[in-house]
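In: Quick one: sequence and predicted model below, then my questions.
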Amino acid sequence: MNNIVLIGMPGAGKSTIGVILAKVLGMNFIDSDLLIQEQEELLLKDIIKREGQQGYINIENQVNRDISVDNTVIATGGSVAYCPEAMEHFRETSKVVYIKLSYDTIRKRLGNIRQRGVVLRDGQTLLDLYNERCPLYEKYAHIIVDAEGLDIEETMEKISNSLKES
C-alpha cells in the first residue's frame, strides 16, 4: 500500500496538491483524468458528449481499475466515486485520501463546470452533485482531510501529516 489516491469534488485541488505531494514525498504522480483523455484521444467533456454519462463512467472505471503502479500519488476525477471496481482497487493498493471542502468553496472555485468535463445529469445542480458524492467519498476514504480555509501548501501539509499518523 504505497500509493496515495486523492479523491474529492471537482475544484478540491486534487491535481494541484497531488503534484506537490508527490515532489515532497519523493513519489511519482498520475492524473487519471489525463490517462482517460490519452486512452480515448478526446477531452473529458467530448468523451461525455460522445459516450453519455454512463459510458464515460464505464471508461473511467476501467482506466482507474487498471492503474498498476508503485510509489505514486494518483489524482482522480471527481466522478471516480461512481466506479465501485476502481474504488475497491484503490482501497486495496493505496491510501485513499478524501480532500473535503464545503459546498460554497467548491461552487466558488468552479467556473464553467461543463468545460471541466464534470458529469452532471440533466437537471442536476452542483448542490445535488455535492450531496450525492460526499457520502461516497467518505465511504471509500481511508483518511478524510478537511481542507476548508486552507491554501494548497497547508492542505498538502495536512495530508502529509495524516498519512504519517495512519
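Out: Ah, there it is.

In: Would you tell me which helix is longest in the protein?
Out: As assigned by DSSP state H, the longest helix anywhere in the chain is helix 44-65.

In: what packs against that one?
Out: helix 32-40, helix 84-93 (3 or more CB pairs under 8 Å, 6 or more residues apart in numbering; DSSP states H and E). (C-beta placed from N, C-alpha, C; glycine too.)

In: Which of those helices sits closest to Ile57?
Out: helix 84-93 (9.7 Å; CB to CB).

In: gap between the closest one and the chain center?
Out: Offset of helix 84-93 from its chain centre (CA atoms, centre = their mean, to the nearest Å): 13 Å.

In: Output the helices and strands packed on helix 44-65 in TSV, with mean neighbour count and distance to Leu101 appended to each entry.
Out: Output for these, formatted as TSV (neighbours: other CB atoms under 10 Å; distance: least, CB to CB, whole Å):
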stretch	mean neighbour count	distance to Leu101
helix 32-40	17	18
helix 84-93	17	20
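
In: For Thr16, which of those helices is the nearest?
Out: Among those, the nearest to Thr16 by CB to CB is helix 32-40 (12.7 Å).

In: For that closest one, give the mean pLDDT please.
Out: Average pLDDT, helix 32-40: 96.

In: where along the protein do the helices fall?
Out: Under DSSP H, the chain gives helices at 14-25, 32-40, 44-65, 84-93, 103-109, 126-140, 152-165.

In: wait, which of those helices is closest to Ile74?
Out: Between the helices of the chain, helix 32-40 lies closest to Ile74; by CB to CB that is 6.1 Å.

In: which residues touch the closest residue to Ser15 other than its chain neighbours?
Out: Once flanking residues are discounted, Ser15 sits nearest to Ala75: 4.5 Å by CB to CB, 6 or more residues apart in numbering. For Ala75, the contacting residues are 6, 14-15, 17-19, 29-33, by CB atoms under 8 Å, 6 or more residues apart in numbering.

In: same deal with Arg133?
Out: When contacts are counted by CB under 8 Å, 6+ apart, Arg133 touches 9, 78-79, 81.

In: repeat for Thr72
Out: 3-4, 22, 27-30.
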